[in-house]
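Student: What shape does this take:
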Amino acid sequence: MSDFRIRDLQPEDCRELVNMIKELAEFEGLPEQVKITEETLRRDGFGDRPFYHCLIAEVRNKDSQDGPWLTVGYAMYFYSYGTWVGRMIYLEDLYIKPQYRGKGIGTSMMTKVAQIGVENECQRMQWVVLNWNQGAIDFYKKHDSIDLTSDEKWHLFRMEREELRKFATLHDQTVVKGC
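Tutor: Prediction:
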């Protein structure tokens, strides 16, 4: 499929982005975990210090009164820093609506994020994938990605907001605010 385009997310795209985030969560079997809102995405993705960046994939919409382009996917990413390598780019989500998969859109989206990483002197790109999503795992391995769980024995951990608050108040220390 060559009749698609990739562009930067705009504030007016946030409603459709929330819908796709919910679709992805449904696919992953975790719809109850989506707490994000259109307003939060607008606040956090734009301005002087955006917390994330996002690309939108669109296809020609020749059969609709809604305009010439239909949103069919997104790639959300942000920059991070590794003490061993320096600058890194983290791919939070890569999602293409099911009926548009297998047409080169996902590959093009991931390629664009990789290009952005290279342009910004990032030394690596990282992301996570659910262990049962064999299609995605195969896709990533086909493109020379390393499975850190099997190859380097890394485990991914997280704290939810309540645990984060609890841990943050564990000891009375002076903390310098950064955000």
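
Student: any low-confidence regions in this protein?
Tutor: Residue ranges of the chain with pLDDT under 70: 1-2, 64-67, 172-179.

Student: contacting residues around stretch 125-135?
Tutor: Stretch 125-135 is contacted from outside by 28, 80, 88-92, 94, 113-114, 117, 136-137, 140, 149, 156, using Cβ atoms under 8 Å, 6 or more residues apart in numbering. Yep, even glycine has a C-beta here, placed from its N, CA and C like the rest.

Student: In helices only, show me those residues.
Tutor: When these are checked against helices (DSSP state H), the matches are 113-114, 117, 136-137, 140, 149.

Student: Buried among those? Make that a ChimeraX selection.
Tutor: Only the buried members of those enter the following ChimeraX selection, criterion being 16 or more other Cβ atoms under 10 Å:
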select :113,114,117,140
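
Student: Where do the helices of this protein begin and end?
Tutor: With helices called from DSSP H, the chain shows them at 14-27, 38-45, 105-119, 134-142, 148-151, 161-168.

Student: Could you dump these into TSV and include distance to residue 127?
Tutor: Formatted as TSV, the helices of the chain follow (distance: least, Cβ to Cβ, whole Å):
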stretch	distance to residue 127
helix 14-27	13
helix 38-45	18
helix 105-119	9
helix 134-142	8
helix 148-151	10
helix 161-168	22
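
Student: So for residue 57, which of these sits nearest?
Tutor: Comparing those by their distance to residue 57 (Cβ to Cβ), the top pick is helix 105-119, with 5.0 Å.
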